Every structure is written in structure tokens, then in C-alpha cells.
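[1] mind folding the following:
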Amino acid sequence: MKYFLYVRKSTDVEDKQVLSIEAQLSELRTIAKHDELEIVEEFIEKRSAKVPGRSIFEEMLRRIEKDEAEGIICWKVDRLSRNPVDSGRISWMLQQNIIQKVITHDRVYLPQDNVLIMSVEFGMANQYIRDLSVNTKRGLRAKARQGIYPSVAPLGYLNDVRSKTIVIDRKKSLIVRKAFEMYAENKYNQEDIANFLFKNGIQSRLIRRPDATGGKPLKRDQIKWILESPFYYGNFYYAGEVWEGKHKPLISKKLWDKVQEVLKLRGRVKKVKTEPKAFSGLLYCGECGCSITAERQKGHIYYRCTKKKGKCSQPFTREEVLDSQLSAILTSLVLPSEWAKELNKMLDKDEADITQSATASVQALRSDAMEINSKLARITDLFVEQDIERGEYLDRKKALMSQKKSVEEQILLLERDAARWLEPMRVRSRTKYRQNCF
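    The predicted structure follows:
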């Protein structure tokens, strides 16, 4: 009798405790040699058996149907199948004597045997994979509830093996943050961002090896995924839901929102038609009173009178010259030294008012955050009680999680920067006061 030797081990969790391919081959070859079994060919497969459609397995059965072999040697029957479709096929072929013998390391299955034992073992293998799937999903969902992203860290982050957390990639994070800032300016399209990342060493791999080189720029859908991912401001998607992450945000929610606005506004680059000029709309001609316009010529910006009222003798003026003239005028404007103390008193009052206002705003925002948390709890209860559909639940949760992150960011900014804008004014007034005292 001729036999096909079949070994299988997938990279999934289901086969974590199973012998390696090499170990299975070694054990089965020893059995074949000891029992003097003729092995026609060895079939090696590295795929999960939880769903039908394994190419190597299918080829082996087709060749058995062509009478190229009459039996199968495998480590255990769960190597042949972990799904009811393939299990039923093997059992049927054995009953019909198409497969005359299935040999494993601990028993032999024959057509005349009661198929109950094989059916039970196949059933146990199938139930094992179903239970494993449920338990794995439950475990991953539990991690998501804890704020731990249950997947591979996205670009700009790393999976820390020691702490089993996701940390910021010090090198790539700066590049990714810059990419967000560039796109938020509404001057670059997704291809520009891909090229920027490529020039800075972030590229796709042609082959999946750690030492692979010669990659290409990331594809447009990859760039779009990065720009749309809430992971970068602190939330993340898992199983269709948005979860609040414990990882450190790479960008602010405000910057992410700006990027989303740009994504909605345009799908391709729009050339800036007019270059902004520093003094446009601020100046008028001293001779005729007409407005001043600006234009770029030979690498320089020139300002000139529009001459809308007729002839005007004033010539073009380069921006650098105009800038020097205006700077000289502004520099000559110095407030009297006796005003410095009064101005600082006013700044102290403004700072106190701003601090009080910021405190009130923070309290209001904290109330908003509590209300959002209450809404999240309510929609979760509604979903559990099946009062709302899953689609509506996911949409409402996504919106509330986004609002919550924005509110938390506003609170942080108010607590940190409420009166910071007053400091430069205070420094300048003190400096001018000292200069006028000596």
C-alpha cells in the first residue's frame, strides 16, 4: 500500500503547542520505517485548518482519488482538519474505501471501523478551534477595554517586548508628526506625504524580511489610513469600536481634526494661486492715496501703487526695503518709562482675570467630560439591552469618544497655557523700563 505523509503547522495560536514541521516529519518517518510503509510523497502545509480551502491538502485528496496513494500518515487527525467540511470529507472517503487507512502516532483508522471515534476526534478539534477563537477574541477585547491596543504598533510607535506596551519610536515619530503637520497646511497631497516619508527612510518592503531593502513609497491607501487613524491622538479602533488608549499621543486632537478637514476638502493637491504678501492691504500710497499691491519678479517681492486714480510718480519698492523702513518707525516708538509700572499692574489684573476665567472654563469642561462619560455608559447599556442596533451604537460611541478627547485636550491647554501669552508683554515692558532708567 502506498501512503502520502502529511504534516501541518500554522502560525496561529491554535498550533502553539503542536510539534514543529521538522519534528512531525522525523517522528512520522520513523513510524513509516519501523512499519515498512511506502511513502510516495510528503505534503508540508503551513496554514490553519479552521477553514476549508487549503491548497496542499486539496491536492493530496485529489491525488488519492486518482489512486496515486491509498493511505495517509499524519501526527494526529487534527493535522488533517479542524473544520466540519474537511472532516466530513475525510470520513466519507474512508467509509467509501477511497482512503483505505489513516495512520497517526497512536492509532490506525480503517474503513470497517466504527467512524464514531474519528468523528469524535474531528469534533473535538473543531470545537477546540471555536473555543480558542472565542477566548482569544474575549482576551483581546479585554485588552482594548484596558486601553491596550491588541495589535501591532502603527508607524511611529514600537511594541515594547519587555513591558508589553506600545511606546513612541523616537526616530520615526518626529517624521510622522511632521507628515501630519504638512498635510494640515493643505498644500500637499497624499503622494507628497508618501514621498516625504520615503525620503526620510519610511518605505514599504518589497519582501517580508527584516533586512529587506529597496522598498518603495507607501501607497495612497496606507497614507490615508495613517492620516485617518485616531491612534495618533490617543484613541484606537478595535473590532469596529473606538477605544480610549493608554499609549502616549503623537499629535494633538486639534491637529488631527485639522487633517480630517483637509481630507474632506480635497482628494488631490490644489496649487496655491496667490502667494501671501506681508504688507498687502495695510499700506496706501502717500502721493495719491491709492492702495498698495505686491507682486513677485525675479525672485523678489515688489510693492507698488495701484494708480487707480490716475498717474502716480511713485516707483516700485522691494519688500526688504519696505520692511527696514517700517521696522525703523516701529523701533522709534517707545512708551514713557513711567507707564511701565502701570502696565504691569494692568497685566497682573489681566492675569488674575484670565486665571479665574480659565478655572471656570476648566470646571465647565470637566462637567462636559463627565456628561460624555455618562452618555457613553448609557449607549452601552442600550446596546447591551438591544434597544439600539450595533451600527448606531458604534457611530454614537465614535462621536462621543472624539468629543471626549477634544475636551480633555482643551482642559490640558487651559491648565498649562491660560496666561502664558501675557509673559512676553511683561518682559518687554520691564526691559523698556530698565533701559529708560539708566
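
[2] quick one: the helices in this protein?
    Per DSSP state H, the chain carries helices over the ranges 21-34, 55-65, 84-95, 116-145, 170-184, 190-199, 220-228, 253-265, 319-332, 339-384, 390-417, 423-437.

[3] Val242: which of these is closest?
    Minimum separation from Val242 across those (Cβ to Cβ) falls at helix 390-417, 4.4 Å. In this view, the C-beta of every residue, glycine as well, is placed from N, C-alpha and C.

[4] go through that closest one and flag the buried ones.
    Buried positions in helix 390-417, judged by neighbour count with 16 or more other Cβ atoms under 10 Å: 393-394, 396-398, 400-411, 414.

[5] now do the buried residues in stretch 363-375.
    Leu365, Asp368, Ala369, Ile372, Lys375.

[6] how about stretch 181-197?
    By neighbour count with 16+ other Cβ under 10 Å, stretch 181-197 contains the buried residues Tyr183, Ala184, Asn186, Tyr188, Asn189, Gln190, Ile193, Ala194, Phe196, Leu197.

[7] shaky segments in the stretch 301-438 of the chain?
    335, 337, 340, 417-438 (pLDDT under 70).

[8] can you tell me which of the buried residues of stretch 181-197 is nearest Gln100?
    Nearest to Gln100 among those is Ala194, at 57.9 Å by Cβ to Cβ.

[9] in terms of contact, does that closest one touch Arg220 like I think?
    Yes - judged on Cβ atoms under 8 Å, Ala194 makes contact with Arg220 at a distance of 7.1 Å.

[10] which of the buried residues of stretch 181-197 lies closest to Phe279?
    Nearest member of the buried residues of stretch 181-197 to Phe279, counting by Cβ to Cβ, is Asn186, at 23.6 Å.

[11] chain neighbours aside, what residue packs nearest to the closest one?
    Once flanking residues are discounted, Asn186 sits nearest to Val262: 5.0 Å by Cβ to Cβ, 6 or more residues apart in numbering.

[12] list the contacts of the one you found.
    If you count contacts by Cβ atoms under 8 Å, 6 or more residues apart in numbering, Val262 has them with Tyr183, Ala184, Asn186.

[13] what's the closest of the residues you listed to Asp257?
    For these, the minimum distance to Asp257 (Cβ to Cβ) is 9.2 Å, reached by Ala184.

[14] JSON lines for the buried residues of stretch 363-375, including distance to Pro154?
    What follows is the buried residues of stretch 363-375, written out as JSON lines (distance: Cβ to Cβ, whole Å):
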{"residue": "Leu365", "distance to Pro154": "29"}
{"residue": "Asp368", "distance to Pro154": "29"}
{"residue": "Ala369", "distance to Pro154": "26"}
{"residue": "Ile372", "distance to Pro154": "25"}
{"residue": "Lys375", "distance to Pro154": "28"}
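
[15] looking at the residues you listed, which is nearest Lys50?
    Lys375 (38.8 Å).

[16] how much space is there between the closest one and Ala369?
    Here Lys375 is placed at a distance of 11 Å from Ala369 (Cβ to Cβ, to the nearest Å).

[17] for Ile64, see how far away Ile44 is.
    Taken as Cβ to Cβ, the span from Ile44 to Ile64 is 17 Å.

[18] quick one: pLDDT of Ser252?
    The model reports Ser252 with a pLDDT of 93.

[19] isn't it right up against Gln410?
    No - look at Ser252 against Gln410 with Cβ under 8 Å: they stay out of range, at 10.4 Å.

[20] for Tyr109, give the beta-bridge partners.
    Taking DSSP bridges as the rule, Tyr109 bridges to Val102.

[21] what about it, neighbour count?
    Residues near Tyr109, counting by other Cβ atoms under 10 Å, number 20.

[22] do the same with the one 4 residues further on
    The number of residues packed near Asp113 is 14, by other Cβ under 10 Å.

[23] domain ranges for the chain?
    2-132, 157-265, 274-333, 339-437 (automatic domain parsing).

[24] TSV for those, including distance to Ser151?
    Formatted as TSV, the domains of the chain follow (distance: least, Cβ to Cβ, whole Å):
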stretch	distance to Ser151
domain 2-132	14
domain 157-265	7
domain 274-333	43
domain 339-437	18
